[in-house]
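Here is my input; please provide its structure:
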Amino acid sequence: MKLNKKLNGGIAICIAISSLLAACSEFENREFTFDKPQSIIDQETRDSYKELKTYVNYSNQPNFKLGVELTMADVANSSNVLYRLMQNHFDEINFTRISQMDFVQADGRIDTTNLNSALETNKSVGMPVHAGHLVWHEKQRAEYLNSLIANVILPGQSGSDVVVNFNNDAIGTSYPTTSGAATAKVVVDPDGKSGNALRIAKVTGTAFPQFTITLPGGRTLGQYKSVAIDFKGGGCCGLFGAGMRLAISTAPGDPALTGYGGPSSFGVGDNSWGRGLIVLPLANLNLTTQQKALTTFVLTIGSQTGSPDYLLDNVTMNWETQGQTIVKTPEEKKTIITAELDKWIKAIGQAGKDKIKSWGVVYQPMDETDPTKLRTGIGAGTLPANTFYWQDYLGKDYAATAVKMLKQYANANDKIFFTETNLIDKPEKIQGLKDFITYTEGKGANVDGIATELALDVSADKAKVEAMLQALAATGKLIKISALDIGTGGTTAQATFALYQQQADMYKWFVKAYNSLIPAAQRAGITFRSPHDRNSGDSWRPNEPVGLWTRFTTGSTVNAGYQRKPAYVGVVEAFQGK
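Below you'll find the predicted structure:
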């Protein structure tokens, strides 16, 4: 009986284990999948494209360059994420604004340190460089330049000459008078303070001493404003009387005298020296032109009294020269400004020698109102700060002069462009620029091409853009779009997927229009002014999503991760001919 119980228990355990194993055999290993958001799929698609420049067919357009605008600071740092990224996608760097004010210091010194650093870093990379805006009217060191051609102001001067010094005479020396019965002799100053003095004495009647004077320093009588004299006399003998008298003549005698106040009216005390108190203006004499030219003359001076007996000392003439303005002639100004242009072009040309192969030498030369003429500051009143028109001093040849200088200091075979803007709304400027280039080349300075800058939006008038491209092609010159960006018509915050797609379509359309309307041999390239979207603190199109890449910011720190936008695909498809 016990054995059976054990057997029965074992059977029960086996049955239980079998049931458990049967239950385990029913387990299923399930795998879970999630659908990717469309935005991630789209981004992966954009990221799958190769670098931009790989889609460009260079075989039939040997002058074409796919360019990107970068700052010198971007390029100077070889580890800069943006710089490294752009090396993969583009084959030319554009330093668009090589403006004089950014390099020329207030005292005229030129500092190319930043440019040298960027070019030296880029040298190892080997990317060609285009540099523009060398000769412009804005962003110039105008205050310095204007100071060089300003009129020279010579300030007036003044001084005094003691024309009769009795200390140089022996005691008893006589001077002539207007009356033979009077005496004018050198005596010792009775006060014992000023050396010698002159005593004028006559028992009755009027008499005045006379002095023959030769002016010092080559000055003429017309430069003198007054005569000053020290006087000592009593009330009996000259302190009051009829007043001081003065005359200028060419010889001794009895000249017509001009009257002034008496010594007492000048503050001279009774029988005490009035040192420098009596000052007689020469204007009262109404001197003639001939008299004002005199350097030697006779001075008659004294107090009119019936019984003179007084002392004179320190006959002094006070002179004054008027300030003078020396006006620089147009020829002098041209010489000065030509030298400054040479100094500027030399500094940049030597810095870029063998490192920069393409130059935008002249920027915005044509007038906005009358595109057949050059811009000018003449007649514009006070110019804005940092504005200087080189052409106003160098004339129409200023461009030819600059090109020749650059060829001398940089490389003779560098490409030379003239850059003009606002050609979509002012297409007549293209003809004006063409004529100006023809004139410049007639002066022996070859110009390879025309460059222009375009800031478009998705709503840009395509017909006007096409007309501009056709007119540019008709010039026969190389055509370079030296700065292109296309906005969505608003800020980054306002941009939608639909607007980004419109932006992509517009980028695609423009590249295709350029390729179809500009003959292959004339295509000098397209430069993307802003490869990435702009931040709110940027000076150009702030906070606008104009780029082919996004640019995220956290506070003031730029995220190094740039993401391709639909615009990137638009450009790729344009080069693919889609």
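
Just the element for K429, please.
In the assignment (DSSP states H and E), K429 maps to helix 428-442.

Give the pairing partners of the next helix or strand after that helix; include direction for each.
Sequence order places strand 449-457 as the next helix or strand after helix 428-442, per DSSP H and E. Using DSSP bridges, the strands paired with strand 449-457 are strand 415-420 (parallel), strand 478-487 (parallel).

Next SSE downstream of strand 449-457?
On the C-terminal side of strand 449-457, the closest following helix or strand by DSSP H and E is helix 462-473.

tell me which residues of that next one are tucked away?
V465, E466, A467, M468, L469, A471, L472, A473 (16 or more other C-beta atoms under 10 Å). For glycine as for every other residue, the C-beta is placed from the backbone atoms N, C-alpha and C.

before we move on, the earlier item: now the helix holding K429: average pLDDT?
Throughout helix 428-442, pLDDT has a mean value of 98.

Give me the residues contacting it.
Residues from elsewhere that reach helix 428-442, judged by C-beta atoms under 8 Å, 6 or more residues apart in numbering: 365-367, 371-374, 396, 399-400, 403, 418, 420, 422-423, 447, 450, 468, 471-472, 475, 477.

Kindly report the same for stretch 73-92.
Against stretch 73-92 from outside (C-beta under 8 Å, 6+ apart): 51-53, 65-68, 70, 93, 114, 117-119, 121-122, 124-125, 127-130, 358, 525, 527-528, 531-532, 549, 560, 562.

can you give me the helices in this structure?
Assigned by DSSP state H, the helices in the chain fall at 2-24, 38-47, 72-76, 81-89, 113-125, 142-149, 289-292, 330-352, 391-394, 398-409, 428-442, 462-473, 497-517, 566-576.

Out of those helices, point me to the one whose mean pLDDT is lowest.
helix 2-24 (a mean of 37).

And stretch 414-433, how far out from the chain middle?
23 Å (C-alpha atoms, centre = their mean, to the nearest Å).

Quick one: residues contacting I345.
I345 makes contact with L134, A402, M405, L406, Y409, according to C-beta under 8 Å, 6+ apart.

from the chain's centre, how far out does the helix holding K429 sit?
Offset of helix 428-442 from its chain centre (C-alpha atoms, centre = their mean): 26 Å.

Stretch 204-212 now?
67 Å.

can you tell me the distance between the two ends of that stretch?
25 Å (C-alpha to C-alpha, to the nearest Å).

how's this protein carved up into domains?
Listed domain ranges for the chain are 46-150+328-576, 157-324 (source: automatic domain parsing).

circling back: now the contacts of I345 in TSV, with neighbour count and distance to P545?
As requested, the contacts of I345 are arranged in TSV below (neighbours: other C-beta atoms under 10 Å; distance: C-beta to C-beta, whole Å):
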residue	neighbour count	distance to P545
L134	25	31
A402	24	37
M405	23	41
L406	24	37
Y409	17	40
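
closest to E544 among the residues you listed?
Of all these, E544 sits closest to L134, with 27.8 Å by C-beta to C-beta.

Surely the closest one touches I356?
No: contact criterion C-beta atoms under 8 Å: L134 and I356 do not qualify, at 10.6 Å.

coming back round to it: out of the buried residues of helix 462-473, which is nearest to F103?
For the buried residues of helix 462-473, the nearest to F103 is L472 (30.3 Å; C-beta to C-beta).

who's the residue nearest to that closest one when sequence neighbours are not counted bridged to?
In space, and not counting its chain neighbours, L472 is closest to I479: 4.8 Å by C-beta to C-beta, 6 or more residues apart in numbering. Note on I479: beta-bridge partners I450, R523, judged by DSSP bridges.

So for I479, what pLDDT did the model give?
98.

and what of A495?
94.

what's the answer for G241, then?
pLDDT, read off for G241, is 81.

go on, G217?
In this model, G217 carries a pLDDT of 84.

just R534 next, same as before
With respect to pLDDT, R534 scores 92.

My read is that it contacts W549, right?
No: counting by C-beta under 8 Å, R534 does not reach W549; the two are 11.5 Å apart.

how about the nearest residue to A182, chain neighbours excluded?
A207 (3.2 Å).

before we move on, what about V327?
That would be N151: by C-beta to C-beta, 6+ apart, it lies 5.0 Å from V327.

you'd agree P252 is up against T177?
No: using C-beta under 8 Å, P252 makes no contact with T177, being 9.1 Å away.

Can you check which residues contact both of the two?
Q210.

Compare the two and say which is more crowded by neighbours.
T177 (22 against 15; other C-beta atoms under 10 Å).

Would you check that that one makes contact with L198?
No: counting by C-beta under 8 Å, T177 stays clear of L198, with 10.5 Å between them.

hey, what's in contact with both of these two?
Common contacts of T177 and L198 (C-beta under 8 Å, 6+ apart): A184, P209.
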